[in-house]
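> okay, sequence plus prediction incoming.
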Amino acid sequence: MNRISTARAATAAAVVLATTGGLIGVAASTSSAAVTCASPVFKRQFFADTSFSGMPKKTDCDSAIDQNWGTGAPATGLPSNYFGVR
């Protein structure tokens, strides 16, 4: 059996198996998922698409929903158009 480093174990995917043994879903765990924001601050997640698929490229806290990124991207690694924030 291979040993997995602590850092790799923290980002390892959690696999959910159906009773038949088939794969029904995969959820990855990253440090961005560990972001917690105290009320009334909003937790926001940035995605590189508009369907919110995959892992967020960035997760942080924001005290107001009032951003205007103009023609730029909201964060490094995101496109300037057709990104998603929730």
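Ah, there it is. Just so you know, these numbers come straight off a predicted model, no measurement behind them.
> contacts, neighbours, all on C-alpha from now
OK.
> what about the strands in the chain?
13-17, 23-28, 42-47, 58-62, 84-85 (DSSP state E).
> rank those strands by pLDDT, which is bottom?
Per-stretch mean pLDDT for the strands of the chain is lowest at strand 13-17 (a mean of 28).
> by mean pLDDT, point me to the weakest helix or strand of the chain.
Least confident helix or strand of the chain, by mean pLDDT, DSSP states H and E, is strand 13-17 with a mean of 28.
> burial check on Leu78, number of neighbours?
For Leu78, the count of nearby residues is 18 (other C-alpha atoms under 10 Å).
> for it, list the residues it contacts.
Phe46, Phe47, Ala48, Lys57 (C-alpha atoms under 8 Å, 6 or more residues apart in numbering).
> is the last one in contact with Arg44, as I believe?
No: using C-alpha atoms under 8 Å, Lys57 is not in contact with Arg44, being 10.8 Å away.
> these two: which has the busier surroundings?
Relative neighbour count places Arg44 above the other of Lys57 and Arg44, with 17 against 14, counting by other C-alpha under 10 Å.
> so the more buried one makes contact with Val85?
Yes: here Arg44 lies in contact with Val85, judged by C-alpha under 8 Å, at a distance of 6.5 Å.
> about what we covered before: from the contacts of Leu78, list the buried ones, please.
Buried by 16 or more other C-alpha atoms under 10 Å: Phe46, Phe47, Ala48, out of the contacts of Leu78.
> what count of nearby residues applies to the nearest residue to the first one once chain neighbours are set aside?
In space, Phe46 comes closest to Val85 once its chain neighbours are excluded; the distance is 4.6 Å by C-alpha to C-alpha, 6 or more residues apart in numbering. Summarising burial for Val85: neighbours were counted as other C-alpha under 10 Å, giving 16.
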